[in-house]
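Participant: I need the structure of the sequence given here:
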Amino acid sequence: MARYTGPKSKIARKFKEPIFGPDKALEKKNYPPGQHGNTKKRAKQSEYAIQLMEKQKAKYTYGILEKQFARTFDKAARSHGITGEVLLQLIESRLDNVVYRLGIAPSRRAARQLVSHAHINVNGGVVNIASFTLKPGDTISVREKSQTLETILSSVSGSANKYPWLEFDRSTMSGRFINRPERSQIPENIKEQLIVELYSK
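Facilitator: Okay, the predicted model is just below:
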């Protein structure tokens, strides 16, 4: 399973946001990494650089590699609606992201691992593809023999269902993907229009 395995704190400092969750390094050094990271005089970024940074931030946030991200954008561009919003809706519909949003896993990386190790069911059957796209009405549940895993129990006990497009029942460890979220409901700080402009060049 291809995924980013490099240093997390450097990426978080690059974008000045806790992309991978709370990060003490980001709190202590809230400036970009590198030799000139803490200098006040930094070269003005070009329009292309700003757009590229936004795409990179989205990729790291959701844990998607370049080819997969490009395919998702192509699908969004061919869909009805505003391309940038549809792009985020498609990414939010990924199984690994929904497992994370439901609180079954503490992070998207942990969610991908649960999915790839066949701990998650979709509509009653095992799905081990993290990028699997859910449709409105699909049910997501933890496999019965996996419901006692400490990682899952710990995550579920400390989570709260705070996303209106999802339902989750702790007693049965199952949830439902009600619909694709509206842009205003997605909490990630991503300027999707910049990504659209980048791919439109």
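Participant: any idea how far Ile186 is from Asn161?
Facilitator: Plainly put, Ile186 is 16 Å away from Asn161 if you go by CB to CB, to the nearest Å. Any C-beta I mention is one placed from the backbone N, CA and C, and that applies to glycine too.
Participant: Tell me which of these two has more neighbours.
Facilitator: Ile186 (19 against 14; other CB atoms under 10 Å).
Participant: for the spatially closest residue to that one that is not a sequence neighbour, helix, strand, or coil?
Facilitator: Closest residue to Ile186 apart from its sequence neighbours, by CB to CB, 6 or more residues apart in numbering: Leu88 at 5.6 Å. Per DSSP: H, G, I helix; E, B strand; the rest coil, the secondary structure class of Leu88 is helix.
Participant: tally of neighbours for Leu88?
Facilitator: Leu88 has 22 neighbours, counted by other CB under 10 Å.
Participant: again, but for Ala70
Facilitator: Neighbour tally, Ala70, other CB under 10 Å: 13.
Participant: can I assume it sits in a helix?
Facilitator: Yes: under three-state DSSP, Ala70 sits within a helix.
Participant: got a list of what it touches?
Facilitator: Tyr199 (CB atoms under 8 Å, 6 or more residues apart in numbering).
Participant: Look up the pLDDT of it for me, please.
Facilitator: Note for Ala70: predicted pLDDT of 97.
Participant: With Gly21 instead?
Facilitator: Taking Gly21 on its own, its pLDDT is 58.
Participant: same question, Ala160
Facilitator: Taking Ala160 on its own, its pLDDT is 78.
Participant: what does Asn179 give?
Facilitator: Looking at Asn179, its pLDDT is 96.
Participant: pLDDT weak spots in this protein?
Facilitator: Scanning the chain for pLDDT under 70 picks out 1-43.
Participant: which residues in this structure form helices?
Facilitator: Using DSSP state H, the helices of the chain run over 8-15, 24-28, 47-62, 66-77, 83-92, 95-101, 108-116, 150-157, 192-199.
Participant: want to throw those into JSON lines with distance to Ser131?
Facilitator: Listed next are the helices of the chain as JSON lines, based on distance: least, CB to CB, whole Å:
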{"stretch": "helix 8-15", "distance to Ser131": "21"}
{"stretch": "helix 24-28", "distance to Ser131": "28"}
{"stretch": "helix 47-62", "distance to Ser131": "10"}
{"stretch": "helix 66-77", "distance to Ser131": "6"}
{"stretch": "helix 83-92", "distance to Ser131": "10"}
{"stretch": "helix 95-101", "distance to Ser131": "7"}
{"stretch": "helix 108-116", "distance to Ser131": "9"}
{"stretch": "helix 150-157", "distance to Ser131": "21"}
{"stretch": "helix 192-199", "distance to Ser131": "18"}
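Participant: Can you say which of these is nearest to Arg170?
Facilitator: helix 150-157 (5.8 Å; CB to CB).
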